[in-house]
Structure formats: structure tokens, C-alpha cells
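Q: Model the structure of this input:
(chains A, B and C)
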Amino acid sequence: MLATAHRLRRHGDFTSAVRAGQRAGRATLVVHLRHGEADAPPRAGFVVSRAVGGAVTRNRVRRRLRHLVRDRIDQLPAGSMLVVRALPAAATATYVQLAEDLAAALRSAVRKTEAAAR
RNA sequence: CGAGUCGACCGGGCGGCCGCGUCGACGGGGUGUGCCCCGUCGCCGAGGAACGUCCGGACUCCGUAGGGCAGGGUGGUUGUUAACGGCAACCCGGGGCGACCCGCGGGAAAGUGCCACAGAAAACAGACCGCCGGUCGGCACAGCCGGCCGGUAAGGGUGAAACGGUGGAGUAAGAGCCCACCAGCACCCCGGGUGACCGGGGUGGCUCGGUAAACCCCACCCGGAGCAAGGCCAAGAAGGGCCGCCACUUCGGUGGCGGUCCGCGCAGGCGCUCGAGGGCGGCCCGUCCGAUGCCUGCGGGUAGGCCGCUAGAGCCUGUCGGCGACGGCAGGCCGAGAUGGAUGGCCGCCCGUCGCGUGCCGGCAACGGCGCGCGGCGACAGAAUCCGGCGUACAGGUCGACUCGUCCG
RNA sequence: UCGGCCGUGGUGUAAUUGGCAACACUCAGGGCUUUGGUCCCUGCUUUCCAGGUUCGAGUCCUGGCGGCCGAG
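A: Below is the predicted model of the structure:
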């Protein structure tokens, strides 16, 4: 589990991040990134639906994503809200594939967010 | 050695780097003195099915749970258990040479319904083709054919199923009409068993279809809801939450209208023991609650945290009782409690197994054994209040008991 | 946690108390037509699966599998 300060914990946080944030997709996942208060720490949450697989598969996907996000959480702008949504392809993807997709999607989302802020 | 039956169990191991959760200790910081945050260390941290949610309970609330009807469930017997639709042993029926396996296994002489097609007839009696007797008529007259009346149910064919079976006696033809044996039914007696039931004997009518996973009858059981149960605290007298529609929008939202929800407020009405109203899953009886109440209308909240929350019908070992399920006693152990949801991520080695290549050994050969290298695969599946079962999914493996067949001693 | 509904040709639906699995559209093949359309003929089913009751099961019973919906 991520530290409480780095987690999205309310349903409203998820919906606002997904609706208002910049979206960037890859084969295995989609990320939503939204700017927030500058003095708050960056926060992240995960969405892994039943379409991905059974409980065991969903747990594995979420744990891998969590470990990947943990290494990158400090590189995110302060106060940003991140939601990582797993797609069905994530069930069969390797750890390396997931890492590449997440890094690429995050780069794209950050670029869009900075462009929108200007 | 081969084929098979039953039961019990395991369900990857070791290590490295980086992480997470509960609890405890220590240190630091904050504070409303309840506690909270950060760091370090330590203990523990998914399953045999955690699954499906098919039963049964614990627990909590509602508040009485009384009777009848209705409804639902169970269905051999005796046990076992907190309880069960589970389990054990036994009985009965069926299958297997056998170890053993399978069975929603009460009642069809309480009643009702149904049994398509075929067939004369499908449930209680009857008679289509037949067989036999009488009578009438016809003819080519020891006889044959047809009509009518009567007797009969042996033979025929249909069907899943046809009113006991075989043989004899008997008759005009026949028939449990009678006889012998057999099958089966009811009742009685004796013996065994707690019982389901089993064994033996006798009597009787002579024979009785199936279906209750059709209605139904009988016996027994069932109050309702479920941890989002439920409890405590905080916030809140504010135009709030949710849903739908419309308008505007920088697409994030904002505004309007309507509906709905609610410990509250306002107004009106009813009522305060001659009682409004309500509860008892549905109906009736009956019974209980009830005045800080109830009904209607208008205005109109909250939904955040903590507890419940993990020590229990608990697990292991030994021993005693019991065929067994299980129970008694003694000793020891503590084994997850998350809340957008921890129990992990990456890598290496080993192990098992399969494939390919290769070396050695055996063999004429197919091939087998041992070793090395590379590669693939290693299942089903993730706690959400807890427990006892059932059902279902599952790579591979271990142990024990037993049966049958073959060979050797 | 609790409750409800459904599963039949490729698709959408029928099938009285248990008794011949039916209809429409689509698709494939053939015929008709110069070609296409129309029309005609033929074909396409383990009634989700496995057991059971029954002479006989899409229907009744039991257990699974899959899908959909609802409540707090």
C-alpha cells in the first residue's frame, strides 16, 4: 500500500481526476492526471475492473502498477492527482511491458497538463 | 508384476535487493491531554478449497415468538452434533467375480387426476378376432356359410404396462372352479434386534397395474431481518444528498424546475385509559405496546470517524470410551484483520516433469538406464463478522489398508 | 450481504395438463432470370451442461456453468 498521503481515498477524488484530468492511453493502461493544490503531495489511485480478470489476476495487476507508481510518485508535480486504469491486456502483459507503457503514458500526460496550464 | 477399490495428506523449497499492513517496544514532534504523525527494531501476516452462496448455527436488532388456517422445508432406522437437508453405522433395493459402489428410500386397499400412439379393452370391469352350445335361414347337406340368443377368456396381435406362473384334473368350450409346486398380498403366532427389519410356522381371499421429482395424505421442523446487523461520537436548524429534465459553459462546473429521502421546525386535525394509532412476515382469533403520542400538509438535515473485529462449538499431542461419526480427560500453543481495500514486486539457485541435442553402458535392432547442456511447463484460485457442513475447480506428488488375476518360494 | 429473472437453428421468438421441436429473418447450395431483385426447393439444433424421476423430459426434480437486473 502507498502511504496514506499519497493515496486517493474518496470516490469524488477519482471521478474528478478521471473527468477533469488529462488522459493518455497505451495498450495495457490509461492514465488520468489532474493538477491540484501546489502545497499538497501528489496522490495516486488505481482502477482495475472485472474485465481484466478474476480476483487473483486483478490483485497481481494492481500490485505491479503500485510498485511502478511508487518509484515515480516523487517525479510528479506537487498536488497532482493520478488515476491509473488497467485495460484487459494488462492481465497478460509482462512487468517490463507495464513499466514501459506507464512511463510513456505519464510523459504524455505531464506534457498535456503543462500545455493546458499555460 | 499387472488390473482395481477405499481412506488420509501435501499442494513447491532456499536465498538476494526493494516494499506493505496490524500489534508491541523505544526515540522524536504536534496537541483540543482523548490522542495523532514520523523514524528504528521485533512478532505475525490468505486457502484446501479463502470460491459458489446450497443448508445449519453463533452474534445483533425488531419485540413476544400464543392458537388456527395458509406457506416453506425434510422424508428407511438408530445414533452423532450447538444445529443441519451434514456425517457414521446398520436395514432394504440395485450394480460388480471381489474389495466396494449407487439410491429425494414415508403412504397408491383415504380420495382426485393422468397413462399420448397402437390396441377389442389402460383401471374395472368389459370382449375385437376367436372357442363352444342352442336356434333360424341358405347351399352343391356326415358338412360348410351367415344372422340372432347365450356360455367362455385358453389362444392371437398392440403396447412401457393387459388382471398371477408351470403342470394336472375338469368341461360343450373353458376358467383358482378344484389340486400340487412356485411367486406375491393381508392378518395372526413364535424367535432375534433399541429400531428399520430378518428367520420360521399358520390362516385367508385366491391375485390386488403404474405415477405422489401430479394434486394430495401422514410424521417432524420453521418468528422476521441481516455486520451496509447494531452501538457510540462528531457535524448539522443549513435550501443539503440522490435521481430526472432544461438552459448556460472556459466542458471543470453553474443555475432553474420537478420528484424522492430524513433524529428537525411550523401549521392544522385526532387522541391521552370510554384511548388516536401501531406491532405480532400473509389472513382470522387473540394479545401486546401506546401519550415527550399519532395523522396530514408545508419548509427541509446528516451520510465523517470509532467500536462491533477477531481466543474460537479453536488447533496440536497423548490417553480413555465407542464398529464408527464423535465424545471425555490431561498437557501444550496463539495462527491475518484490510477499508479505493495490506499479505507483495523483481531476480538467482534447487526440485519435479516434458522436449531437443550429446557422452557412456546394455542390446543384432527398435529401445532402455545413467550423466551433462539448452529450452518449455509447474494447477485451481485471494480473506471482508465468525464457525460447522455441502457442492464445485485443481498441474503434480506422498502414505496406508484392502480386492482380483498371474508367477515364484 | 440479500433478492429476482433468463439460457431453444447464425439472430429474434413459439411449443396447453409431460406425448412428432415450430415460425420469421439471415446465411449456404440449387432452380427460375441475359444479370440482379422477387419467387420456389433444400440445408443449418447434443433445447447451456451433468445426473435423476417417468414408458416417454425443452417442460418435472437435484447439482453445476454462464449472463442480466435490483435493494441496503
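
Q: Break down chain A into its strands, ranges please.
A: Listed in chain order, the strands of chain A (DSSP state E) span residues A:22-25, A:29-34, A:43-48, A:81-86.

Q: what bits of chain A have low per-residue confidence?
A: When the per-residue scores of chain A are filtered using pLDDT under 70, the ranges that remain are A:1-4, A:9-13, A:15-16, A:19-20, A:36-40, A:116-118.

Q: if I look at A:Val31, how far off is RNA strand B?
A: Separation of A:Val31 from RNA strand B (C-beta to the nearest atom of the strand, to the nearest Å) stands at 14 Å. (C-beta placed from N, C-alpha, C; glycine too.)

Q: Is the spatially most central residue of chain A bridged to anything, and to what?
A: Central residue check for chain A by C-alpha atoms, centre = their mean: the C-alpha nearest the mean position is that of A:Val84, 2.6 Å away. As for beta bridges, A:Val84 partners with A:Val31, A:Phe46 under DSSP bridges.

Q: okay, how far is it across stretch A:31-43, tip to tip?
A: Stretch A:31-43 has an end-to-end distance of 13 Å (criterion: C-alpha to C-alpha, to the nearest Å).
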